[in-house]
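Asker: Below are the sequence and a predicted model for it; my questions follow.
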Amino acid sequence: MSIELYLIRHGLAGEHGSYTDDGDRPLTEEGDRKTQHVAQRLRELNLAVDLILASPLVRARQTAEILYTAGFSKQLEESAHLAPNGQLNDWLLWFDQWRQSSGTRLALVGHEPNLSTWAEQLVWGSVKHHLVLKKAGVIGLLLPQSGSPVGTSELFWLTPPRFLVK
């Protein structure tokens, strides 16, 4: 049995550099609208996860809340591991505990380049700079139930939001 991991980039946000603290940049009106469409489409596809884990930055939290409200999960938590300076190895320690007792489907809502480089490390064991995750896009990975997921995971989905927005 594998763990389904969905890496979801936050939606379109306010312009970089226009806020004193970059962590305060919210979703734009368009970003909110597109993210709601993505969330609705994921639910139409009968996708749901046991937990949404979100970066503490405003735009990622807002994206996660939209997914939560759409019924993508019944649980939403915040994690500093998903902030732009978060490290895969730190998250892996948390993940190892989670997968032993919590479920089989997990969504991470965060930022680039972390999400695509994490996906590459999980699939290929190293960063290759081949995967591109657009805002409100989704990467789906299958991670092993035990052992290290680094270099042993499988990519099953890479979707830009334009394929999910009607």
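Answerer: In hand now; what should we look at?

Asker: Contacts only, for Ser102.
Answerer: Asp50, Leu51 (Cβ atoms under 8 Å, 6 or more residues apart in numbering). In this view, the C-beta of every residue, glycine as well, is placed from N, C-alpha and C.

Asker: let's go with 10 Å and repeat that
Answerer: Shown in contact with Ser102 (Cβ atoms under 10 Å, 6 or more residues apart in numbering): Ile3, Asp50, Leu51, Gln75, Phe95.

Asker: Which entries within those residues meet the buried criterion?
Answerer: Ile3, Asp50, Leu51, Phe95 (16 or more other Cβ atoms under 10 Å).

Asker: Would you agree the third one is in contact with Glu78?
Answerer: No - in this structure, Leu51 is not within contact of Glu78 by Cβ atoms under 10 Å, at 11.4 Å.

Asker: The closest residue to Ala64 other than its chain neighbours bridge partners, please.
Answerer: Excluding the flanking residues, the one nearest Ala64 by Cβ to Cβ, 6 or more residues apart in numbering is Ala54, at 3.5 Å. Here Ala54 sits in beta bridges with Glu78, Val109, going by DSSP bridges.

Asker: Pull up the per-residue confidence for Ala54.
Answerer: Note on Ala54: pLDDT of 98.

Asker: same question, Trp98
Answerer: For Trp98, the pLDDT comes out at 95.

Asker: same thing with Asp24?
Answerer: The per-residue pLDDT reported for Asp24 equals 88.

Asker: give the contact list for it.
Answerer: Asp24 neighbours (Cβ under 10 Å, 6+ apart): Ala13, Gly14, Ser18, Leu57, Val58, Arg59.

Asker: For the buried ones among the contacts of Ser102, work out which two are farthest apart.
Answerer: Spatial extent of the buried ones among the contacts of Ser102 (Cβ to Cβ) is set by the pair Asp50 and Phe95 at 12.6 Å.

Asker: Give me the common contacts of these two.
Answerer: The contact sets of Asp50 and Phe95 overlap at Ile3, Ser102, Leu106 (Cβ under 10 Å, 6+ apart).

Asker: Filter those residues down to just the ones in strands.
Answerer: Ile3, Leu106 (DSSP state E).

Asker: I'd like the shared contacts of Asp50 and Phe95 written out as a markdown table, with pLDDT and distance to Glu30 added.
Answerer: Output for the shared contacts of Asp50 and Phe95, formatted as a markdown table (pLDDT from 0 to 100; distance: Cβ to Cβ, whole Å):
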| residue | pLDDT | distance to Glu30 |
| --- | --- | --- |
| Ile3 | 97 | 33 |
| Ser102 | 76 | 34 |
| Leu106 | 98 | 28 |
